[in-house]
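> Let me see the structure of the following:
(4 chains)
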Number of protein chains: 4
Amino acid sequence: MEHTSIGSKVWVIPEGYIPGESTGPQPAMTSHETFCVLNTGVVAAELDITIYFSDRDPVGPYHLTVPAHRTRHVRFNDLQKPEPVPKDTDYSSVIVSDQPIVVQHTRLDSREPANALLSTIAYPVPGQ
Amino acid sequence: MEHTSIGSKVWVIPEGYIPGESTGPQPAMTSHETFCVLNTGVVAAELDITIYFSDRDPVGPYHLTVPAHRTRHVRFNDLQKPEPVPKDTDYSSVIVSDQPIVVQHTRLDSREPANALLSTIAYPVPGQ
Amino acid sequence: MEHTSIGSKVWVIPEGYIPGESTGPQPAMTSHETFCVLNTGVVAAELDITIYFSDRDPVGPYHLTVPAHRTRHVRFNDLQKPEPVPKDTDYSSVIVSDQPIVVQHTRLDSREPANALLSTIAYPVPGQ
Amino acid sequence: MEHTSIGSKVWVIPEGYIPGESTGPQPAMTSHETFCVLNTGVVAAELDITIYFSDRDPVGPYHLTVPAHRTRHVRFNDLQKPEPVPKDTDYSSVIVSDQPIVVQHTRLDSREPANALLSTIAYPVPGQ
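Numbering: from 1, shown residues only, chains lettered A, B, ... in the order given. Purely as a prediction, here's the structure:
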């Protein structure tokens, strides 16, 4: 089973927001916004990520590779090309892959001394 | 891909509750309940939101526009017409759009000095 | 739209755990486990809830009514018949309704001075 | 209804990370990563779990049984064979069952004095 492709090729995360402040030991406790990708297939997955904003045109694609039989936990904070994802700014993301993948969204918010977590499976576009 | 319509036209968020108290710097840390909408299509999406309560008839529609290729992160706290959403009150919401959209629900609860977060992709009504 | 039935008739929440301790003002900050039900239809929904355990037979049904056009946010802490849901105990729940409904699961954990929140749309059984 | 099989046979949790540190009373407040399984059917479910990493081949299967009409809340921390799941390491998991089940993912992060929670229904592979 572990060598079969699982999932969808298009995923959506409407909520996106990287808090500009952090407390606690860095970088583990840096406020961040993450998407976790699992590629169970035998072929590397090539991903194109587009970032949507509330007041300007979308930016992208950001390109990433997830090797066969591997997971990759990506911080939006670390996306650099074509431009860094701005902090303290509302955004959304669409992830398009050439192979089936599964995507989960997580945020660690450490603006206060006690960190807060949220997570959800992203939205898989049906029939993709 | 980023210019294709993605999602469903009807979304449901059964959980709704705006805490009446907040701590921390305002308005970033004001306790709030948010729904994030992504419209990946080429046409602006017109949204009608209905709020359901436990002890009285539904209120709405609240009307919002999400422009083409844009996201909009909306605080229920900010909905004003036909009437503000009451605090410290259980509610649910149904979001109907004339274009396919994707919706995610998030709450920041800052009643205690340490904030708490929850989030989930809303429920997309199948076949809509 | 607000007078149409929306959702599924069978929902599952695999995670269940009511923390036995709480801090903060009661009952708002009492540690609790909640399921929120929305009935958008014109007929009252009759619900039967069954609680599953790790080491004994299921208990139920617990019966609840959600009136037409209403939401009901139910604390598992408040279920009493046929027996209270035990604290500090792993459980799961299955919610069966005679009308389509939408269900979301939320927990407030206030064992520590700072409360923590989790939430997810429950699992709708397809084709029900 | 409670004696019918419900769910899917293949579930995916892309996000996995066991924090290496904890605060508060142990073991209740030990940082942990959990998946909760519900088996509503009349036959015990035999589960094979495979753990995926970012930089090496998948490990597994880890084998578990969930008896008929029972739930089982499993801490990834407790999986031992073929090898313990490493802490402070990104991973993903795929859960394959010979019977339909429903799976939810939860993390308690107690690295800071205030604990944080996240949870989501796992991703059910359609048609399985």
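> do stretch A:68-77 and chain B meet?
No: residues of stretch A:68-77 are not located near chain B by CB under 8 Å from any CB of the partner chain, the shortest gap being 13.7 Å. To be clear about C-beta, it is placed using only N, CA and C from the backbone, and glycine gets the same treatment.
> Which positions within that stretch qualify as buried?
If you call a residue buried by 16 or more other CB atoms under 10 Å in any protein chain shown, then stretch A:68-77 has these buried ones: A:69-77.
> Residue A:105 and residue A:119 touch, don't they?
Yes: look at residue A:105 against residue A:119 with CB atoms under 8 Å: they come within range, at 6.5 Å.
> Comparing the two, which shows the higher neighbour count?
residue A:105 (30 against 27; other CB atoms under 10 Å in any protein chain shown).
> gap between that one and residue B:120?
In this structure, residue A:105 and residue B:120 are separated by 10 Å, where distance is defined by CB to CB, to the nearest Å.
> residues shared between the contacts of those two?
Overlap between the neighbourhoods of residue A:105 and residue B:120 consists of residue A:120, taking contacts as CB atoms under 8 Å, 6 or more residues apart in numbering or on different chains.
> what are the pairing partners of the helix or strand bottoming out on mean pLDDT in chain A, and which direction each?
Taking all helices and strands of chain A together, the one with the lowest average confidence (mean pLDDT, DSSP states H and E) is strand A:116-121, at a mean of 82. Within its sheet, and counting by DSSP bridges, strand A:116-121 is paired with strand A:91-109 (antiparallel).
> For the residue positioned nearest the centre of chain A, I want the exact helix or strand it lies within.
Of all residues in chain A, the one closest to the mean position by CA atoms, centre = their mean is residue A:35, 2.8 Å from it. With the criterion set as DSSP states H and E, the secondary-structure element containing residue A:35 is strand A:32-39.
> That strand vs strand A:91-109, what angle?
Angular relation of strand A:32-39 and strand A:91-109 on a 0 to 180 degree scale: 110 degrees, by axes from the mean of the first three to the mean of the last three CA atoms, to 10 degrees.
> does chain D sit close to whichever helix or strand comes after strand A:32-39?
Beyond strand A:32-39 in the direction of the C-terminus, DSSP H and E gives the next helix or strand as strand A:45-53. No: applying CB under 8 Å from any CB, one finds strand A:45-53 separated from chain D by no less than 12.4 Å.
> Touching strand A:45-53 from outside, list them.
Applying CB under 8 Å, 6+ apart, the set of residues contacting strand A:45-53 from outside is A:16, A:37, A:39, A:58-66, A:79, A:85, A:89-99, A:101, B:1-2, B:38, B:40, B:69-71.
> what's downstream of it, the next helix or strand?
strand A:59-66.
> now the angle from that following strand to strand A:32-39?
Going by the same axes, to 10 degrees, strand A:59-66 is angled at 50 degrees with respect to strand A:32-39.
> could you give the mean pLDDT of strand A:59-66?
Confidence for strand A:59-66, expressed as mean pLDDT, is 97.
> send the alpha carbons of it over as PDB?
As requested, the backbone C-alpha atoms of strand A:59-66 are provided in PDB (Å, rounded to 0.1, in the frame of the first residue of the first chain):
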ATOM      1  CA  VAL A  59       2.100  35.700  -6.600                       C
ATOM      2  CA  GLY A  60       3.800  32.500  -7.900                       C
ATOM      3  CA  PRO A  61       4.300  29.900  -8.700                       C
ATOM      4  CA  TYR A  62       6.700  28.900  -5.900                       C
ATOM      5  CA  HIS A  63       8.200  25.600  -6.900                       C
ATOM      6  CA  LEU A  64       9.000  22.600  -4.700                       C
ATOM      7  CA  THR A  65       9.800  19.000  -5.100                       C
ATOM      8  CA  VAL A  66       8.600  16.200  -2.800                       C
END
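> For it, which residues meet the burial criterion?
With burial defined by 16+ other CB under 10 Å, the residues of strand A:59-66 counted as buried are A:59-62, A:64, A:66.
> Adding distance to chain D, write the residues you listed out as JSON lines.
Listed next are the buried residues of strand A:59-66 as JSON lines, based on distance: CB to the nearest CB, whole Å:
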{"residue": "A:59", "distance to chain D": "24"}
{"residue": "A:60", "distance to chain D": "21"}
{"residue": "A:61", "distance to chain D": "20"}
{"residue": "A:62", "distance to chain D": "18"}
{"residue": "A:64", "distance to chain D": "12"}
{"residue": "A:66", "distance to chain D": "9"}
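> about what we covered before: thought the residue nearest to the centre of chain A was touching residue A:71?
No: using CB under 8 Å, residue A:35 and residue A:71 do not qualify as a contacting pair, with a distance of 11.1 Å.
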